[in-house]
Each structure stands twice: as C-alpha cells, then as structure tokens.
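S.K.: Predicted model and sequence follow; I will ask about them next.
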Amino acid sequence: MSITIKLFSALREALGESEFELDLSDVSEASAQIDVAAIKALLSQRGAEWKEALNQPNLVHALNHNVVFTDAAVSEGDELAFFPPMTGG
Amino acid sequence: MSITIKLFSALREALGESEFELDLSDVSEASAQIDVAAIKALLSQRGAEWKEALNQPNLVHALNHNVVFTDAAVSEGDELAFFPPMTGG
Amino acid sequence: MSVSLQSEAIDVAAEYAQLVGDSPGAAVATFTGYVRNHSDAHAVTELELEHYPEMARKVLENLGQSAAERFGLSNWRIVHRFGRLAVSETIVWVGAVADHRGEAISACDLMMDTLKTDAPFWKREQGPAGGQWVANRDSDTERRARWQSGDVQ
Amino acid sequence: MSVSLQSEAIDVAAEYAQLVGDSPGAAVATFTGYVRNHSDAHAVTELELEHYPEMARKVLENLGQSAAERFGLSNWRIVHRFGRLAVSETIVWVGAVADHRGEAISACDLMMDTLKTDAPFWKREQGPAGGQWVANRDSDTERRARWQSGDVQ
C-alpha cells in the first residue's frame, strides 16, 4: 500500500519536498488500520525538521482534499496533504 | 411672513400641487412661534382631501431638507415638505 | 467621496474604475440595484422614480460621510437614478473602499439600508392594471434600525 | 455559478458583466481584494500566492454552492489568483446575485469569510527584508465563526 504526500507553503519550504509517494507496506502489514497520526509519526522519523514541522500546533491535514483530524483512516492511493493555516483572499 | 410648501409622491398627486408659497402674515401676528403642526392645521382647512392627506399616520415632514417632528418651529423663508415614507434604492 | 443623482443608466464599469482609481485600497465592495419585472403580487413593466433633488443630495452626502467615518473608508460613491426606468435597468449603485473587507462590505450594507428609508425617492410601478405607488416595507425599517441598536458592528 | 483559479489579473468589469448577464436579478453585490503596499509592520513590494489547485477548486465550489442555498442566489462567481502579484493588483473577486439586497451582500460577506480560512492559498510577502509567509489572523477565524453561531442571518 502507498499514498501520496503533499506539502505546501512554509512546510514545503522547510522540508524541501512538495510531493512524494510514501510506501506503507511494512506498516500496513503490522496494523489493521492506519490513520493520519500514524503517518505523522512515520514521517517524523525522517529527522528533526520533519518532527518539528509535522507537530506544530496549527498544522492542517487534508485527506483527499478534505480537512480532517488525525484519527482519519488512510487507504491505498489516498492523497494526504500537510500545510499551515490558509491565508488566501 | 411666508414659507414654501412642497408635496411629493402620492401626496402631490392627491392634492394636485407640488410647490407653492404659503402666506403666514395673519398667523404670525397672532402667535409668537409657528410650528409644523400649526401649518398642517392651517392647510387642513383647505378641504377634506387636504385634511386627510396631511393627517395620515406615516406622513413625513422635512423642514429645509431635514426630517422633523411636528413641534419644529417654522421661520420666514423656510421650505417645508410633506411626503409619504421613502421607497428609493 | 461623491453622490450622483441622474436620469441616465448607471455605467457600473465606469463607476467602479473611477471609485478604485490607480492605487486601490485593499478592499472594495459594491452593490447594484436593478428594476425587477415583478412586485410582490403583480408584473411590473416600468418604474417611475420621483425624488426631492436638494434633500436627496444632502441625505446621500451625509450618509456617505457617516459610513466613511464609521468604517474608515478611503473612498465611497453613491449613484441614484430618477425618472422613468425600464425593467432590468439599474436603479442604484454604491461602492466603498477600505483597508479591510469587513469595513467595505458593512459600509455598502449601511449605505443601502439608510438610503432605502432616509433618502427622498418614491417608486411608482407601472403594470397591467396601471400605475401604483410602492408602499414602504417594514423589513426596510427593521434593517435600518440594526445600525442604531448595535446589532451590527 | 462558477469558480476560476487563474494567474492573470482579474478583469472586474468583464466578470461583473458576465455575472449579471442580460436580465439581472434585483440585487448584485461584489467584493474585490487587492494587494496592499504594506503589511502590519513593513512595506510589501510583491506578493506570491501558493495554492493547492484541486483542493482550492473543490473548497471554492462548495462554498459558492452553500452560499447560494443559504441566501437563494440566482448566480454567483468566485475568482482567485495564484502566482506572483504586484502591489495594487487584484487578488480575489466574488459576486452574488439575489432577489433582495441583504441576501446578495450577506452572500459576499460569507463567501469572503469562508474563503479566507478554508481555501488552501498561502500568501508570501516580499519586502525590503526578503520574503515572509503571512500568518493567519485570529480576526479571520472569528469572522468565520459568526456564520456558525447565528450572529449573522
């Protein structure tokens, strides 16, 4: 199982990536259901910047273009985006 | 002493006049101060239509382009207008 | 910061361009009112707008200035027509320029609400059964009262 | 009843004409946002707008439809830019057509408030000291909350 991760704005800049595929084969064998919190934990292992960026208090998570809480379940092929609060308009 | 009377909308139509000078020489000699109520009373003597039109509950009185109550004092050269509630915009 | 009373149709694009100018503020709100082809109960084929010119100009200038002070507008404009108006023609246009969107939008809202109840214009609708003066609406009086009661900031 | 995400400047007059069409409703409200030459504390020389295209389109379409249902709009339009914007350029334009003025004005107000907090756009201001991401404002979150609390009808 794999999903697409997208990063925007200050997060994209801080982490130097805007979009990548995340392979979840190992994790999905171990647990029946994977949620957004699990993905955050997994990505936080990539280093201190990742841990800090993904655990800032105002972080927004959008799963398939809908803002969700960290308990939202993630499925094969999903698009999960992380970004700071919106400032358009 | 004389003032200008203006009538608008349904009032103008009902009374067949839009603007005229009203001579108040007789009245102004008799009383120290003339107010809008006194002018209404005077004009109401012109006939049943006048009495009815000038005593409808929603009548608006504007003295020199400001909406006033009937106790507003009237002076030489003033412009006093009567009309129904406004319906512009 | 001006008022126009006119019999000609309102050129909305020209009014907007003039309101905003070369260096716009951050936020511009506008409202345009048009002649409807129906009233509450009947068809309308034409509208006639009577007005009291000197008083109308004074009232509209005062209410533009009040809105400017209350909402810190950098520019505003009120255009109101009089005379005979066909269905779908413009009746009124207001525009407000401010530093923030809430102020610009509220200023338009205030100008329209106040204009409806305080500016000396009277509509006469022409329909299949002849002409008829439009009665004022309680809802307009209520909307007007919001601005005094503190319901709206 | 449509959304445009575009890098080109917004042609306000063309947008207005298309929104209103040949037989306008009675009431048309619009709002335009421009790039300011200053932020809270410093000068701004250029703005860069990053966005999340697929999600932005979906969010804006949903909020236009919500406003249309809530206020009975006969037409609405939301235009939002992305990319590099110079000072005084347009950023956003919303328009609403309704039968009564209160509905048209409230719909613009709602669309702007919701757009600010819910649509995935991020502003980066370029100034004398370099680029800086704009922080979101508590006042925007508060304005957004009005529409749920029943403070606004």
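M.R.: Received, thanks. Numbering: from 1, shown residues only, chains lettered A, B, ... in the order given.

S.K.: residues in chain C within reach of chain A, list them.
M.R.: Neighbours of chain A within chain C, by CB under 8 Å from any CB of the partner chain: C:Arg101. (Glycine included, C-beta is placed from N, CA and C.)

S.K.: what residues does chain C put near chain B?
M.R.: C:33, C:49-52, C:54-56, C:58-59, C:80, C:91-92, C:112, C:115-124, C:133-136.

S.K.: residue in chain A nearest to chain D?
M.R.: Of all residues in chain A, A:Gly88 sits closest to chain D, at 2.6 Å by CB to the nearest CB.

S.K.: For C:Pro24, give me the pLDDT.
M.R.: Listed pLDDT for C:Pro24 reads 69.

S.K.: try the one 10 residues further on
M.R.: The score at C:Tyr34 is 96. That number is its pLDDT.

S.K.: so where is chain C shaky, pLDDT-wise?
M.R.: C:24, C:150-153 (pLDDT under 70).

S.K.: Now do the helices in it.
M.R.: C:12-20, C:53-71, C:101-118, C:138-149 (DSSP state H).

S.K.: Format those helices as TSV; extra columns: distance to chain D.
M.R.: Formatted as TSV, those follow (distance: least, CB to the nearest CB, whole Å):
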stretch	distance to chain D
helix C:12-20	4
helix C:53-71	13
helix C:101-118	5
helix C:138-149	7
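
S.K.: Just the buried subset of the residues of chain C next to chain B, written out for PyMOL, thanks.
M.R.: Selection of buried members from these for PyMOL, criterion 16 or more other CB atoms under 10 Å in any protein chain shown:
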select buried, chain C and resi 33+49+50+51+52+55+56+58+59+80+91+92+112+115+116+117+118+119+120+121+122+123+124+133+134+136
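
S.K.: re the thing from before, between the helices of chain C, which one is closest to A:Ala10.
M.R.: Closest of the helices of chain C to A:Ala10 is helix C:101-118, at 24.0 Å (criterion: CB to CB).

S.K.: on contacts alone, who are the packing partners of that closest one?
M.R.: On a contact count with 3 or more CB pairs under 8 Å, 6 or more residues apart in numbering or on different chains; DSSP states H and E, helix C:101-118 meets strand C:27-34, helix C:53-71, strand C:75-81, strand C:90-98, helix C:138-149, strand D:27-34, helix D:101-118.

S.K.: roughly how far is that helix from the heart of the chain?
M.R.: 8 Å (CA atoms, centre = their mean, to the nearest Å).

S.K.: who's in contact with the residue in chain C positioned nearest to chain B?
M.R.: Going by CB to the nearest CB, chain B is nearest to C:Phe121 of chain C, at 2.6 Å. The contact partners of C:Phe121, by CB atoms under 8 Å, 6 or more residues apart in numbering or on different chains, come to B:Met86, B:Thr87, B:Gly88, B:Gly89, C:Leu49, C:Glu50, C:His51, C:Ala56, C:His80, C:Phe82.

S.K.: Now for the closest residue to the fourth one other than its chain neighbours: which residues touch it?
M.R.: In this case it means B:Gly89. Counting by CB to CB, 6 or more residues apart in numbering or on different chains, B:Gly89 lies nearest to C:Lys116, which is 4.1 Å off, once chain neighbours are set aside. Going by CB under 8 Å, 6+ apart, C:Lys116 touches B:Met86, B:Thr87, B:Gly88, B:Gly89, C:Asp140, C:Arg143, C:Arg144.

S.K.: burial of the fifth one, as a residue count?
M.R.: Residues contacting C:Asp140 under the criterion other CB atoms under 10 Å in any protein chain shown number 20.

S.K.: ranges for the helices of chain A?
M.R.: Under DSSP H, chain A gives helices at A:9-15, A:25-30, A:36-44, A:48-54.

S.K.: Buried residues of the helix or strand bottoming out on mean pLDDT in chain A, list them for me.
M.R.: When the helices and strands of chain A are compared on mean pLDDT, DSSP states H and E, helix A:25-30 comes out lowest with a mean of 78. For helix A:25-30, the neighbour count (16+ other CB under 10 Å) marks A:Val27, A:Ser28 as buried.

S.K.: So which other helices or strands are in contact with it?
M.R.: Using 3+ CB pairs under 8 Å, 6+ apart as the contact criterion, no helix or strand is in contact with helix A:25-30.

S.K.: Quick one: residues in contact with that helix.
M.R.: By CB under 8 Å, 6+ apart, helix A:25-30 touches A:Met1, A:Ser2, A:Ile34, A:Ala38, A:Leu42.

S.K.: Just flag the most distant two among these.
M.R.: A:Ser2 and A:Ala38 (14.2 Å).

S.K.: ok, now which ones touch the residue of chain C found nearest chain A?
M.R.: In chain C, the residue that lies nearest chain A is C:Arg101 (7.7 Å; CB to the nearest CB). Applying CB under 8 Å, 6+ apart to C:Arg101 gives the contacts A:Gly89, C:Ala26, C:Ala27, C:Ala29, D:Phe31, D:Gly33, D:Met112.
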